[in-house]
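In: Here is my input, please return the structure:
(one chain, ligands or ions: 1)
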Amino acid sequence: MTYVCNYNLFISCFVRILGTRTKRHYYKMKQIIIIGGGIGGLCTALALQQKGLTTQVYETVNEIKAVVAGIILAPNATNVLARLERADQAKMLGMELEHLELTNATGKKLMPVPNKEETIRDFGFAMIALLRSSLYDLLLKALTNNTVLTNKHFEHYEENTNGMTAHFTDGTQAAGSVLIGADGVRSAVRQQVLPQVQLRYSGQTSYRRVANMTLRGAQAHIARGAWGSPIRLGFVPIGFGQT
Ligand SMILES: Cc1cc2nc3c(=O)[nH]c(=O)nc-3n(C[C@H](O)[C@H](O)[C@H](O)COP(=O)(O)OP(=O)(O)OC[C@H]3O[C@@H](n4cnc5c(N)ncnc54)[C@H](O)[C@@H]3O)c2cc1C
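Out: Just a heads-up that it's a prediction; the model follows:
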């Protein structure tokens with residue numbers, strides 16, 4: 001069995017599937033192989049471990065480190081973290097946003113976005129902005145020791161009657177019942193499962209930085225994005241004196 005994982009779409013489905021299938025079915029499984037230790041791979045590993053399943057994450061880089069940037073957790077993502085019993089921690093590591101304001105280049109509002117109260121009422125959580133590295137740390141600490149093996153660059157998989165075998169560029173292999181591809185937008189797993197799928201360049205390049213500054217007054221808890229053509233600019237307070 002092979003799954004290709006996209007953080008936003010896949011995790012919530014997978015957590016739900018795990019919740020509904022019988023435990024007996026899953027306990028028959030041997031190790032579950034996850035390719036890629038990004039947010040998707042780490043969340044999936046945690047969800048599986050919480051269901052008592054054995055899983056190993058194989059990550060190509062030497063050390064798992066997030067890019068120096070922030071991330072906004074929309075309520076659907078926070079709901080997944082809540083199911084992984086990590087939503088309260090995420091809240092403490094970042095900032096709950098009062099509002100997300102999207103305008104055009106001249107400051108005209110593009111669309112109404114629910115405020116914090118409405119978001120909590122409708123979805124259970126506010127939007128949370130935090131450092132990507134804080135989210136990674138939170139997930140890594142929640143996993144059992146040695147869940148993530150680094151320096152393992154996935155090359156291809158084989159499927160046979162015993163399950164799945166992952167092959168890595170260092171000549172090593174890993175066997176398991178299921179292989180989950182969580183290896184990002186240039187996924188080698190997806191390339192093997194769906195070779196016809198081609199990446200499409202959107203024409204957009206993103207530059208992100210973290211500034212050591214605290215936004216004040218009306219800006220203090222608001223994420224703003226000004227969508228001009230061809231340039232967009234945005235800033236988000238992430239708490240702890242950073243934006
Ligand atoms: C500019 C920008 C801003 C964004 N802002 C937000 C936001 O505010 N909120 C939000 O929810 N989402 C945001 N996103 C989207 C979000 O970042 C992605 O959806 C998310 O990071 C995808 O996670 P992933 O685990 O699927 O992939 P990735 O984070 O790409 O992780 C894939 C992992 O697989 C590893 N890997 C790759 N190839 C191999 C291989 N062959 N073998 C082994 N390992 C491999 C990589 O090293 C990496 O660690 C943003 C995206 C961008 C580009």
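In: how about stretch 145-154: buried residues?
Out: Going by neighbour count (16 or more other CB atoms under 10 Å), the buried part of stretch 145-154 is 147-148, 152, 154. Using the backbone N, CA and C atoms, a C-beta is placed for each residue, glycine as well.
In: right, I mislabeled it, should have said stretch 46-61
Out: 46-49, 53, 55-60.
In: what separates Glu159 from the ligand, distance-wise?
Out: Here the criterion is CB to the nearest ligand atom, to the nearest Å. By it, Glu159 lies 18 Å from the ligand.
In: element containing that residue, please.
Out: Assigned by DSSP states H and E, Glu159 belongs to strand 154-160.
In: how distant is stretch 214-224 from the center of its chain?
Out: In terms of CA atoms, centre = their mean, to the nearest Å, the centre of stretch 214-224 is found 25 Å from the chain centre.
In: Quote the end-to-end distance of stretch 167-183.
Out: 14 Å (CA to CA, to the nearest Å).
In: my bad, should have said stretch 171-181
Out: Between the start and the finish of stretch 171-181 there is a gap of 19 Å, counting by CA to CA.
In: how distant is it from the center of its chain?
Out: Relative to its parent chain, stretch 171-181 has a centroid offset of 21 Å by CA atoms, centre = their mean.
In: likewise stretch 170-181?
Out: Chain-centre distance of stretch 170-181: 21 Å, with CA atoms, centre = their mean.
In: In it, which residues are buried?
Out: Neighbour-count burial for stretch 170-181, with 16+ other CB under 10 Å as criterion, is recorded at 174, 176-181.
In: any chance of those residues in JSON lines, plus distance to Asp137, pLDDT and secondary structure?
Out: As requested, the buried residues of stretch 170-181 are arranged in JSON lines below (distance: CB to CB, whole Å; pLDDT from 0 to 100; DSSP: H, G, I helix; E, B strand; the rest coil):
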{"residue": "Ala174", "distance to Asp137": "25", "pLDDT": "97", "secondary structure": "strand"}
{"residue": "Gly176", "distance to Asp137": "26", "pLDDT": "96", "secondary structure": "strand"}
{"residue": "Ser177", "distance to Asp137": "29", "pLDDT": "96", "secondary structure": "coil"}
{"residue": "Val178", "distance to Asp137": "27", "pLDDT": "96", "secondary structure": "strand"}
{"residue": "Leu179", "distance to Asp137": "26", "pLDDT": "98", "secondary structure": "strand"}
{"residue": "Ile180", "distance to Asp137": "22", "pLDDT": "98", "secondary structure": "strand"}
{"residue": "Gly181", "distance to Asp137": "24", "pLDDT": "98", "secondary structure": "strand"}
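In: can you list those residues in CSV and add distance to the ligand?
Out: What follows is the buried residues of stretch 170-181, written out as CSV (distance: CB to the nearest ligand atom, whole Å):
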residue, distance to the ligand
Ala174, 11
Gly176, 15
Ser177, 19
Val178, 16
Leu179, 12
Ile180, 11
Gly181, 9
